[in-house]
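Peer 1: give me a 3D structure for the following:
(4 chains)
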Protein chains: 2
Amino acid sequence: MTDPIAPDDTETSQQACLKAILRMAGLRVTRQRMALGELLFTGERQHVNADELHQKAIAARANLTLATVYNTLHQFSRAGLLREVTVDAGSTYFDTDTSNHHHFFVEDDKQVLDIHPGAMSFDGFPEPPEGMEITHIDVVVRLRKISS
Amino acid sequence: MTDPIAPDDTETSQQACLKAILRMAGLRVTRQRMALGELLFTGERQHVNADELHQKAIAARANLTLATVYNTLHQFSRAGLLREVTVDAGSTYFDTDTSNHHHFFVEDDKQVLDIHPGAMSFDGFPEPPEGMEITHIDVVVRLRKISS
DNA sequence: ATGCCTGCAAAATATTTGCATGTAA
DNA sequence: TTACATGCAAATATTTTGCAGGCAT
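Peer 2: Model (predicted):
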């Protein structure tokens, strides 16, 4: 048996990079995390929910359960590799772009899009109630497709 | 048997008012809607989720199921008597104040609070993508209790 | 060895649907 | 009477938990 985690002749530099990311985040390198990491952090930044990611993982022949996808998404979030975005009551979305920005949400097809940072800003912040402090401000601009 | 819906000697003006509201919204007057309407539209404006409202209804000796609470909340929303607020992925909240305003959300105890209109405003709106129009802008200011 | 970390089955939670029944016209 | 509205049991959807087994030390 060969160790599936140790570097070998067939390892791509992308995979090596992903391992480094996981280790830096304090997470063990496992088959499941490599598969999900590859889907999440390769190519374009994106917004996924657990179910979509699970479907992609299955399509990519990774063998893992939806529960593992949920747990991994939360671990990645806690590690700062993802940011959770609350745009739809139906399901939780995760954003691979963890920088400070806001979102469009297309209600028709449940699609999350980034709002370019600087495209909007606040005139003033509301005073938080006694004994409270602001942790984060989320803006969701809801969109509808124009039916012409 | 007396009709429980027809006005009678024991009907309060509040109940009469509620009936008028339901009829104006195009909804039939039923025992369940009267009970929920009384809990929602009497007294202070408030933010509830389905489960909380169901608990209150049970405490008020109204006999109805959680499914009915969900359906009624959605009917009231469609009729413009409530506004749905997406602040927490865990569950959907409904606001009895349907005017345009934003929300604080206390993460520690899942509490929704109104931000006074005018306490914050935007410097500029982002341009929606081609073929889309803005339906609504939601701002959620997330709060944490200061641990001193 | 040993004790923390993993991934998943099963449980818990949240919401929607389908249909028997009730009700207005 | 008739057709549509209503409320709820059951189904579905979403998320979390508990624990058997794996892995680093």
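
Peer 1: isn't residue A:70 right next to residue A:50, touching?
Peer 2: Yes: with contact defined as CB atoms under 8 Å, residue A:70 counts as touching residue A:50 (5.0 Å). Where C-beta positions appear, they are placed from N, C-alpha and C, glycine not excepted.

Peer 1: of the two, which one has the most company?
Peer 2: residue A:50 (20 against 16; other CB atoms under 10 Å in any protein chain shown).

Peer 1: residue contacts, that one?
Peer 2: Shown in contact with residue A:50 (CB atoms under 8 Å, 6 or more residues apart in numbering or on different chains): A:66, A:69, A:70, A:73, A:91, A:92.

Peer 1: mind putting those residues into TSV with distance to chain B and secondary structure?
Peer 2: Output for these, formatted as TSV (distance: CB to the nearest CB, whole Å; DSSP: H, G, I helix; E, B strand; the rest coil):
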residue	distance to chain B	secondary structure
A:66	16	helix
A:69	15	helix
A:70	12	helix
A:73	12	helix
A:91	7	coil
A:92	4	coil
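
Peer 1: who wins for neighbours among those?
Peer 2: Top of the contacts of residue A:50 by neighbour count (other CB under 10 Å): residue A:69, with 25 neighbours.

Peer 1: what's near enough to touch it?
Peer 2: Neighbouring residues of residue A:69 by CB under 8 Å, 6+ apart: A:36, A:50, A:53, A:54, A:57.

Peer 1: which parts of the helix or strand hosting the fourth one are buried?
Peer 2: In this assignment (DSSP states H and E), residue A:54 forms part of helix A:50-59. Buried residues in helix A:50-59, counted by 16 or more other CB atoms under 10 Å in any protein chain shown: A:50, A:52, A:53, A:54, A:56, A:57.

Peer 1: confidence score at the first one?
Peer 2: Residue A:50 carries a pLDDT value of 96.

Peer 1: mind checking how far it is from residue A:105?
Peer 2: Applying CB to CB, to the nearest Å, the value for residue A:50 to residue A:105 is 17 Å.

Peer 1: do the fourth one as well
Peer 2: Separation of residue A:54 from residue A:105 (CB to CB): 21 Å.

Peer 1: can I get the buried residues of helix A:50-59 in a markdown table including distance to residue B:147?
Peer 2: Shown next, in a markdown table, are these (distance: CB to CB, whole Å):
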| residue | distance to residue B:147 |
| --- | --- |
| A:50 | 31 |
| A:52 | 37 |
| A:53 | 34 |
| A:54 | 37 |
| A:56 | 40 |
| A:57 | 39 |
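
Peer 1: any chance of those in CSV, plus distance to DNA strand C?
Peer 2: Putting those into CSV (distance: CB to the nearest atom of the strand, whole Å) gives the following:
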residue, distance to DNA strand C
A:50, 11
A:52, 17
A:53, 12
A:54, 10
A:56, 15
A:57, 9
